[in-house]
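Chemist: Can you look at this prediction? I've put the sequence above it.
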Amino acid sequence: MFVRAYLRASTFEQDATRAREQVEAFAAERGLAIAATYVENESGASFKRPELFRLLADSRPGDILLIEQVDRLSRLNADDWSKLKAELAARHVRVVALDLPTSWAMADPKAVEFTVRMFDAINAMMLDMLAAVARKDYEDRRRRQAQGQAKAKAEGRYKGRPADTKRNDGIASMLKAGMSWSKVQAATGCSRATVAKIAKIVRP
């Protein structure tokens, strides 16, 4: 049984490793060693998460996917959550979350088979519930944000997100130096659309 920690933040402005100490302390308290840590900055509402699927590809039956909170794993819609659950089930990976006490038995190497199976069933139900709550929270925040922007626009106060001039200057310099768009993305963590926008300015 290997423990594989998964740390996620939604944007590159956020620190995806913020919960590393908590996750490592949780494992240490139970005498478990974390075999590998997978870190990425991707939205929990996106099914396209390379590091999460690299973790799953590396996993063997019985391995533990250790997360700080269930919403680090999923803010997915119902269809995508079903796909991710199917992937976890197919690989026999056990999800353990610090905010889900019913999952902690999965991390006990001394737990008897009956206990593991019982808590596995309870855990599946709780994961479904918390994943649904996380998705609702995501949708509520997006709706409130859109309402706030619409109100600000109507009142002439909305200016949009300020440009990151330091980052944009760096992207422009890389493009001028002949770096490919893919390498610029990898170096800065920005979207392809951002690179394309700046490329139009650099290469009219």
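Modeler: All right, it came through fine.

Chemist: For the rest of this, base every contact and every neighbour count on C-alpha atoms.
Modeler: OK.

Chemist: Determine the set of other helices and strands touching the lengthiest helix in the chain.
Modeler: Counting residues, the longest helix found in the chain (DSSP state H) is helix 113-154. Where contact means 3 or more CA pairs under 8 Å, 6 or more residues apart in numbering; DSSP states H and E, helix 113-154 is packed against helix 70-73.

Chemist: tell me the mean pLDDT for the helix it packs on?
Modeler: The average pLDDT for helix 70-73 rounds to 93.

Chemist: mind listing the strands for this structure?
Modeler: 3-9, 34-41, 64-67, 94-97 (DSSP state E).

Chemist: quick one: the second one to strand 3-9, angle?
Modeler: Here strand 34-41 runs at 20 degrees with respect to strand 3-9, directions being taken by axes from the mean of the first three to the mean of the last three CA atoms, to 10 degrees.

Chemist: I'd say His52 and Tyr6 touch.
Modeler: Not quite, residue 52 is Leu, not His. Yes. The criterion here is CA atoms under 8 Å, and Leu52 meets it with Tyr6 at 7.1 Å.

Chemist: Now the common contact residues for those two.
Modeler: Tyr38 (CA atoms under 8 Å, 6 or more residues apart in numbering).

Chemist: Compare the two and say which is more crowded by neighbours.
Modeler: Taking other CA atoms under 10 Å, Leu52 and Tyr6 do not tie; Tyr6 has more neighbours (24 against 21).

Chemist: beta partners for the more buried one?
Modeler: Here Tyr6 sits in beta bridges with Tyr38, going by DSSP bridges.

Chemist: and what of Leu66?
Modeler: With DSSP bridges applied, Leu66 shows beta-bridge pairing to Ala5, Val96.

Chemist: Now do the contacts for it.
Modeler: Contacts for Leu66 were tallied using CA under 8 Å, 6+ apart; they are 3-6, 23, 95-98.

Chemist: tell me the mean pLDDT over the longest helix of the chain?
Modeler: Helix 113-154 comes out with an average pLDDT of 85.

Chemist: Check the offset of that helix from the chain's centre.
Modeler: Relative to the chain's own centre, helix 113-154 is displaced by 13 Å; criterion: CA atoms, centre = their mean, to the nearest Å.

Chemist: Once you drop chain neighbours, what's closest to Ser103?
Modeler: Val96 (5.0 Å; CA to CA, 6 or more residues apart in numbering).
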